[in-house]
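Q: next come a sequence and a model predicted from it.
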Amino acid sequence: MKILNEAYFNLSPLSVARRLLGCTVVRLLGGERLSGRIVETEAYGGLRDPSCHVVRRDERIWSLLSGSPGVLYLHRTYRHWLLNITCDAVGEPACVLIRALEPTGGEERMRQRRRGARDLTNGPARLVEALAIDFAWEASALPRAEFWLEAGEPVPEERVLNTVRIGLTRGKDLPWRFAVRDNPWVSRSLEAVLSGAPLSPGL
DNA sequence: CATTTGATGTTCT
DNA sequence: GAACATCAAATGC
């Protein structure tokens, strides 16, 4: 099993977001292996992204996103944390948000972490809680001893859904979200996304 | 099933 | 006070 490192993430956020579908996230927690297959991602950053207020706001974040690819960036919104991995060449600020996982191991422990909530990993903040991803890991490189990603069976093109990103106020029109079509763990259905902003005809 | 609403904590204006 | 890369519970069909 190939463990992903800096080299894997040294591509544009769009390429990395697309390639991460089908890869596996692994978390070792108290000797137990929690894992999930990535089924939904979003690309962020780069000069074309108007939602890069996240980048401009803070010199530290700018440095983090412009630095080495394959580094953890944990973004907070409300009381939740969202898991991002930096990507693209050094000097190009970019990252990919992991939005949903299909659990493949350790579901009971995940449910404990989620305090019995019905939904385990079908949302960016839910999966962070289910896997007990720690904010202290911020700015550290993959792989870590207790957290890493593994290459998976590539998802064929006809199984990939490409839509606009979810939950944003700026950059709503960019089709930078990728998901496994019809996968029950994806955070929102195709129909729900279509009822919002329209798909870009080019993609 | 879909949609709405309130909680939430930090940052920015 | 407003804004926010969210979530869970409540409400409407």
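A: That came in fine, so what should we check first?
Q: and the gap between the residue nearest to A:L21 when sequence neighbours are not counted and DNA strand C?
A: Distance criterion Cβ to Cβ, 6 or more residues apart in numbering; nearest residue to A:L21, sequence neighbours excluded, is A:V155 at 4.5 Å. Every C-beta, even on glycine, is put in place using the N, C-alpha and C of the backbone. Distance, A:V155 to DNA strand C, using Cβ to the nearest atom of the strand, to the nearest Å: 21 Å.
Q: what helix or strand is A:V155 located in?
A: In the assignment (DSSP states H and E), A:V155 maps to no helix and no strand.
Q: kindly report the same for A:I85.
A: Counting by DSSP H and E, A:I85 is found in strand A:80-86.
Q: and what of A:E42?
A: Element membership for A:E42, per DSSP H and E: strand A:32-45.
Q: ok, back up a step: for the strand holding A:I85, what does the pLDDT average out to?
A: Mean pLDDT, strand A:80-86: 96.
Q: same deal with stretch A:109-127?
A: 94.
Q: dump that stretch to PDB, restricted to CA.
A: Below are the C-alpha coordinates for stretch A:109-127, written out as PDB (Å, rounded to 0.1, in the frame of the first residue of the first chain):
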ATOM      1  CA  ARG A 109     -15.000   4.000  17.800                       C
ATOM      2  CA  MET A 110     -16.100   6.700  15.300                       C
ATOM      3  CA  ARG A 111     -19.600   6.600  16.700                       C
ATOM      4  CA  GLN A 112     -18.300   7.000  20.200                       C
ATOM      5  CA  ARG A 113     -16.300  10.000  19.100                       C
ATOM      6  CA  ARG A 114     -19.500  11.400  17.500                       C
ATOM      7  CA  ARG A 115     -21.400  10.800  20.800                       C
ATOM      8  CA  GLY A 116     -23.900   8.500  19.100                       C
ATOM      9  CA  ALA A 117     -24.900  10.900  16.300                       C
ATOM     10  CA  ARG A 118     -26.400   9.100  13.300                       C
ATOM     11  CA  ASP A 119     -24.100  10.700  10.700                       C
ATOM     12  CA  LEU A 120     -20.500   9.600  11.000                       C
ATOM     13  CA  THR A 121     -18.300  11.000   8.300                       C
ATOM     14  CA  ASN A 122     -20.500  12.600   5.600                       C
ATOM     15  CA  GLY A 123     -19.400  16.100   6.200                       C
ATOM     16  CA  PRO A 124     -16.100  18.000   6.700                       C
ATOM     17  CA  ALA A 125     -16.600  18.700  10.400                       C
ATOM     18  CA  ARG A 126     -18.100  15.300  11.200                       C
ATOM     19  CA  LEU A 127     -15.200  13.400   9.800                       C
END
